[in-house]
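> fold the following, please.
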Amino acid sequence: MSQSLMTVESSAAIANVLARLQEQHTDLAGYKLDVQGFVAHQDDLSKMVHMGLGELPLSSLAITETSPLLHSHRAKLSSAVDYSRQLSAFFPVYFVAALYELQSLMNRFEIKAYVIGGITRDLLIYNEKRLQVKDVDITVEGDAIALAHFLVEHSRNFTLMEQYAEFGTAKMRYKDSLMFDLASTRQEVYTACGSLPVVVNRGVPLVNDIIRRDFTVNALAFSIHELGKVLDYANGIRDIQKRELRVLHAVSFFEDPSRILRAMKFCARFDFNLAEETRQLLENFLQAQPLPRALPEEQNPEAPAAAPGECLQYYKGGGERIKQELKSFFGVEDSPVKSHWVGFFLESGCHRLLDMENRYQPDADTVARMVAIGSILPEIGAALAQYTDADFRFDTYLCLYCRDMEPERFQHLAHRLGLTRNERDFVEQFRRLKTVIPEQLAHLHDFSSPAEIYDLFRGVHLITITACLVELGLADRKRMKIMLEAFLKYKRKWEKLRLELDGNDLKKLGVPEGKQMGQLLDQLLHAKLAGQTRDRLDEIQYIQNHLADLKQAMQAENPPSETAMEGSDQQITPIHATDVQLEAGRDVQ
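Have a look, this model is predicted:
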């Protein structure tokens, strides 16, 4: 196949270049374009035009001539590794048994199938580690649903849980130990930047399915019909050995910008680097601008030019996917490697993926704070482990990222990412209390009373406290440990403290409604924290003992007339404890 080059200006619009090629050449798949020492492939130009991005300059897709990026027209098997005799060394026994049974049944059905993605990638990365396997994705070179029915008909070990004919997928359970997701090989096209792909063909040869993957390390195929053989069409094995993360084609980030966050996650998790041309393509995406159009004179010729990256507004979809990928990235276990990629995420402009219309730019203090989170959060997380969930890291990073964001920008970001009400609440609470809590902490010490500790933490979200602990730890580790220990006391002893009495009970005891009632409940709570009350009768006695003081306070604030005084005397006359019909206790947390 010819590999002729045609010189084209890097600033030329993609659509114009593609139109020129179509006029001059018939065999489009065989040509590259020379762009000032770089190349761009015609398949990629066609994809960009199909997504409505033909106005972008050709430089958006330019990569070096030596780039090993894969293109579907020249994809071929680059290497293969055989693990057939080492399965038990890498996988649990139950998974190996399932693989052997699948191999037997698939050979009877005369169909090819592969495990592609995380399991195969991790097999090559952790070459001497027994992998944990629960959910397995199987790619079927043919009809996945037909295979699922065949498995059920010929084995009692497989149960068909779900099937989706419109997607060509099926979910199966193997005994009680494994879940398999079967999907037919497919070809996809993207109709817009960040849109969900449209399937144009199913049951295609494996190589056509490989090209749609995100990175070469995730495009390795572990054969089931030739059990243990790992097929590599994208040089993924070489990239694992070099610890490099590489996209499969130049349009990858334009098709799905969430892949940028996925790249951050994998680099942070596996200590990989971005391959040279992948880093360049990432920068191309973030800096892409539409080319200027010729405007009629009556239109405003003095309109300001687009700022760098303004074209990113063509990507407005996929907010939920962006959130999920951000959650996966921030959720990676903290380490110096992760901290490096958090810094890259902020300094390179990748954070703009969170909201393309939001021009929020973290300042140097925010970047430094975000990078340093990983040096303090593991200690806090270990201490709070029994109170946290899987989103603990993400929630904390989110709080500190949004710390100094303007209110309207935060609201826009929250809407864009689809933050839950709980997520919005603790972020907004932290933004309000970020300076208040540290000021209160100045009075906290090893001998602080239960009431002082309770009042400091009551009603404050765990994530808000965690974010404050991180900031305090970065400034004063000793003070952070004092606060952490106090918070742990609160969580263990007092967070769920309950009064036996509530407002209705106090009314029956003669306490008038109003702020005095609230103050009296707080006093009662402090008394319970100090051990002055133990049960319901103690609380009633405490209220009765303080009614006289309450009366004096009310008279001092608003001296009543003689008639009103008589009414007031009647209103707060104590009644006997046995006359109070006590209701459910008051939860004061």
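> and residue 137, which of the three is it?
strand (DSSP: H, G, I helix; E, B strand; the rest coil).
> just list whatever residues bridge to it.
In this entry, residue 137 is beta-bridged to residue 181, by DSSP bridges.
> doesn't residue 120 make contact with it?
No. Residue 137 is beyond contact range of residue 120, at 9.7 Å (criterion: Cβ atoms under 8 Å). Where C-beta positions appear, they are placed from N, C-alpha and C, glycine not excepted.
> quick one: mean pLDDT for stretch 225-236?
If you average the pLDDT over stretch 225-236, you get 93.
> hey, C-alpha coordinates of that stretch in PDB?
C-alpha atoms of stretch 225-236 as PDB (Å, rounded to 0.1, in the frame of the first residue of the first chain):
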ATOM      1  CA  HIS A 225     -10.700 -20.700  22.900                       C
ATOM      2  CA  GLU A 226      -6.800 -20.900  22.800                       C
ATOM      3  CA  LEU A 227      -6.700 -20.700  26.500                       C
ATOM      4  CA  GLY A 228      -3.800 -18.600  28.000                       C
ATOM      5  CA  LYS A 229      -2.600 -17.000  24.800                       C
ATOM      6  CA  VAL A 230      -2.400 -13.200  25.000                       C
ATOM      7  CA  LEU A 231      -2.700 -11.400  21.600                       C
ATOM      8  CA  ASP A 232      -1.200  -7.900  21.200                       C
ATOM      9  CA  TYR A 233      -2.300  -5.900  18.200                       C
ATOM     10  CA  ALA A 234      -1.400  -2.500  19.600                       C
ATOM     11  CA  ASN A 235       2.100  -3.000  21.100                       C
ATOM     12  CA  GLY A 236       0.500  -2.900  24.600                       C
END
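> sorry, back to before: higher neighbour count, residue 137 and residue 120?
residue 120 (24 against 17; other Cβ atoms under 10 Å).
> and what about that one, helix, strand or coil?
Quick answer, by three-state DSSP: residue 120 is helix.
> residue 216 versus that one, what's the distance?
To residue 216, residue 120 is 12 Å away according to Cβ to Cβ, to the nearest Å.
> next, show the common contact partners of these two.
Residues touching both residue 120 and residue 216 (Cβ atoms under 8 Å, 6 or more residues apart in numbering): none.
> can you count the residues close to the residue nearest to residue 501 when sequence neighbours are not counted?
Nearest residue to residue 501, sequence neighbours excluded (Cβ to Cβ, 6 or more residues apart in numbering): residue 539, at 5.0 Å. For residue 539, the neighbour count with other Cβ under 10 Å is 25.
> cool, residue 451 as well?
17.
> ok, then the element right after the helix or strand where it lies?
Using DSSP states H and E, the element containing residue 451 is helix 450-457. Using DSSP H and E, the helix or strand that follows helix 450-457 in sequence is helix 462-475.
> what packs against that following helix?
Contact here means 3 or more Cβ pairs under 8 Å, 6 or more residues apart in numbering; DSSP states H and E; on that basis helix 462-475 packs against helix 364-372, helix 377-383, helix 392-401, helix 421-433, helix 436-441, helix 477-489.
> next, the buried residues of the third one.
Read it as helix 392-401. By neighbour count on 16 or more other Cβ atoms under 10 Å, the buried set for helix 392-401 is 392, 393, 394, 395, 396, 397, 398, 399, 400, 401.
> so how far is residue 466 from the fourth one?
By that I understand residue 395. Following Cβ to Cβ, the distance that separates residue 395 from residue 466 is 8 Å.
> cool, the fifth one as well?
Residue 396 sits 5 Å away from residue 466, taking Cβ to Cβ as the criterion.
> follow-up on the earlier one: so the residue nearest to residue 501 is in contact with residue 500, correct?
Yes. Judged on Cβ under 8 Å, residue 539 makes contact with residue 500 at a distance of 5.2 Å.
> need the overlap of contacts for the two.
By Cβ under 8 Å, 6+ apart, no residue touches both residue 539 and residue 500.
> thinking again about what came up before, can you put the buried residues of helix 392-401 in a markdown table and add distance to residue 453?
Below are the buried residues of helix 392-401 laid out as a markdown table (distance: Cβ to Cβ, whole Å):
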| residue | distance to residue 453 |
| --- | --- |
| 392 | 22 |
| 393 | 26 |
| 394 | 28 |
| 395 | 23 |
| 396 | 22 |
| 397 | 27 |
| 398 | 27 |
| 399 | 22 |
| 400 | 24 |
| 401 | 29 |
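> farthest pair in these?
Largest separation among those by Cβ to Cβ: 392 and 401, giving 15.0 Å.
> before we move on, back to that, okay, and the common contacts of residue 396 and residue 466?
residue 377.
> for the chain, which spans come out with low pLDDT?
1-6, 25-37, 65-75, 289-318, 358, 551-589 (pLDDT under 70).
> hmm, back to that, tell me the one of the buried residues of helix 392-401 nearest residue 243?
The closest of those, once distances to residue 243 are taken by Cβ to Cβ, is residue 393, at 23.4 Å.
> which residues touch that closest one?
Here residue 393 is in contact with 330, 331, 332, 334, 377, 381 (criterion: Cβ under 8 Å, 6+ apart).
> and the residue nearest to residue 501, which of the three is it?
Taken by three-state DSSP, the conformation at residue 539 corresponds to helix.
> how far away is it from residue 494?
For residue 539, the distance to residue 494 - Cβ to Cβ - is 16 Å.
> got it, and residue 51?
Distance from residue 51 to residue 494, by Cβ to Cβ: 57 Å.
> again with residue 438
Distance from residue 438 to residue 494, by Cβ to Cβ: 21 Å.
> out of those two, which sits in the busier spot?
Higher neighbour count among residue 438 and residue 494: residue 494, with 19 against 16, using other Cβ under 10 Å.
> not counting sequence-adjacent ones, nearest residue to that one?
Nearest in space to residue 494, with sequence neighbours left out and distances taken as Cβ to Cβ, 6+ apart, is residue 454 at 5.1 Å.
> now do residue 283
residue 348 (7.2 Å).
> cool, and residue 206?
Spatial nearest neighbour of residue 206, chain neighbours left out: residue 141 (5.5 Å); criterion: Cβ to Cβ, 6+ apart.
> what residues does the one you found make contact with?
111, 112, 113, 114, 184, 185, 203, 204, 205, 206, 209.
> which residues touch the fifth one?
Applying Cβ under 8 Å, 6+ apart, one finds that residue 184 lies in contact with 139, 140, 141, 142, 143, 144, 145, 168, 169, 202, 203.
> domains in the protein, by residue range?
If you go by automatic domain parsing, the domain ranges for the chain are 5-66, 79-242, 273-290+312-494, 498-587.
> residue 259 is nearest to which of these?
domain 79-242 (5.0 Å).
> what is the end-to-end distance of the closest one?
Start-to-end span of domain 79-242 (Cα to Cα, to the nearest Å) is 15 Å.
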